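Undergrad: A predicted structure for the sequence below; I have some questions about it.
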Amino acid sequence: MGASDLVPGVSGGTIALITGVYKELLDSINEFSWKKIRLLKNEGFKKFWRQINGPFLLSLFAGIISSILLLSRILEWLIINEPIGLWAFFFGLLIASILFLIKTELKYNLESLFCLVIGGMVSYLITQLSIITNDTPVWYIFIAGFIGISAMILPGLSGAYILLVMGVYQKIISNIRQVQDLIFTFNQEQFTEVTSILSVFILGIFVGVKVFAKLLSWLLNHYPQRSFAFLIGLMTGALGKVWPWQNQLTTLSEDGAIYSTAVLPQNFEGSSPEFEKALILMLFGFVLMFAVEKVKILFKNET
């Protein structure tokens, strides 16, 4: 989830959904409340930890944070230097995820199909938003964290892409990289700047995830078929943005908006379409998703 949330166009929520932890993630986030914190004071840490599903949350978020810290530089390099291979891998993963969820979760009735179409349209329209490259004030970072995390836990909607659209993606990635540098070379001025930006961003994340997880849990509990159909639609609508071959069009306007359009490999305007490499990585992503599912089934049978 951490690695996919770093890549604009890919959703950590998709990974949570296909690995079977999505609903437990939402329920566990909702269990964390002031009422549960009071339980810590009155009845001790052990009961509090069990009530909030602590082992699950600790292992999941430790994995996410570790992935972000360890892979942020690698993924940033891949986005710049190997974009076709990276997008091809995630495209194959996303296609396999959609097919798997259609097979296991989608009900073929009018309501579900309607929600599927609406989800696809919403996701597609969001991916067509222009990307703003201007600098942003600190208060705007909170709003970006709030909205970005809402997208990150929605399968098909990329939180990283939302941050890109809002013009703060590069700033956040840069500050995460500076945190890594501060571990080895401490600088007081740099530490203050990085802490102020990331603290505000993390606060926005905490508020956003709490509000949005409550809404999603309610929808999945009361309207499971329609909710899953909508989520599958969101994933389907995002396919165009993850397509490996994109021609970028830059509008020379005051806001510095950037647009890109998906094209066939033969119409790609880059140096080389790298078709063979892309096909191999796409297939690898496709197979990997089903391998993960097999491992999940084997693990459940053993436990």
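TA: Ah, there it is. Residues are numbered from 1 along each chain as shown.

Undergrad: what's around residue 244, how many residues?
TA: By other C-beta atoms under 10 Å, 25 other residues sit near residue 244. C-beta here means a position set from N, CA and C on the backbone, and glycine is covered the same way.

Undergrad: thinking it is in contact with residue 87, fair?
TA: Yes. The criterion here is C-beta atoms under 8 Å, and residue 244 meets it with residue 87 at 4.1 Å.

Undergrad: in this protein, spot the helix with the most residues.
TA: Longest helix in the chain by number of residues (criterion: DSSP state H): helix 188-222.

Undergrad: what comes up buried for that one?
TA: For helix 188-222, the neighbour count (16 or more other C-beta atoms under 10 Å) marks 194, 197-198, 200-201, 204-205, 208-209, 212-213, 216-217, 219-220 as buried.

Undergrad: now do stretch 60-77
TA: So, applying 16+ other C-beta under 10 Å, buried residues of stretch 60-77: 60, 64, 67, 68, 72, 75, 76.

Undergrad: stretch 83-100 now?
TA: Those would be 84-98, 100, for stretch 83-100 by 16+ other C-beta under 10 Å.

Undergrad: can you check stretch 169-185 too?
TA: So stretch 169-185, judged by 16+ other C-beta under 10 Å, has buried residues 169, 171, 172, 173, 175, 176, 178, 179.

Undergrad: can you dump the C-alpha atoms of that stretch in CSV for me?
TA: The C-alpha coordinates for stretch 169-185 follow below in CSV (Å, rounded to 0.1, in the frame of the first residue of the first chain):
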residue,chain,number,x,y,z
TYR,A,169,3.1,16.0,-4.6
GLN,A,170,6.6,17.1,-5.3
LYS,A,171,6.8,19.1,-2.1
ILE,A,172,5.7,16.2,0.1
ILE,A,173,8.0,13.7,-1.7
SER,A,174,10.9,16.2,-1.3
ASN,A,175,10.2,16.6,2.4
ILE,A,176,10.1,12.8,2.9
ARG,A,177,13.5,12.6,1.2
GLN,A,178,14.8,15.4,3.5
VAL,A,179,13.7,13.4,6.5
GLN,A,180,16.0,10.6,5.4
ASP,A,181,18.8,13.0,4.9
LEU,A,182,18.3,14.5,8.4
ILE,A,183,18.9,11.1,9.9
PHE,A,184,22.5,11.2,8.7
THR,A,185,23.1,15.0,8.6
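
Undergrad: what does that stretch contact?
TA: Contacts with stretch 169-185, where a contact means C-beta atoms under 8 Å, 6 or more residues apart in numbering, come from 6, 8, 68-69, 72-73, 76, 135-136, 141, 144, 160, 163, 190-191, 194, 197-198, 201.

Undergrad: sorry, back to before: out of the buried residues of stretch 60-77, the closest to residue 39 would be?
TA: Using C-beta to C-beta, residue 60 comes nearest to residue 39 of the buried residues of stretch 60-77, at 21.1 Å.
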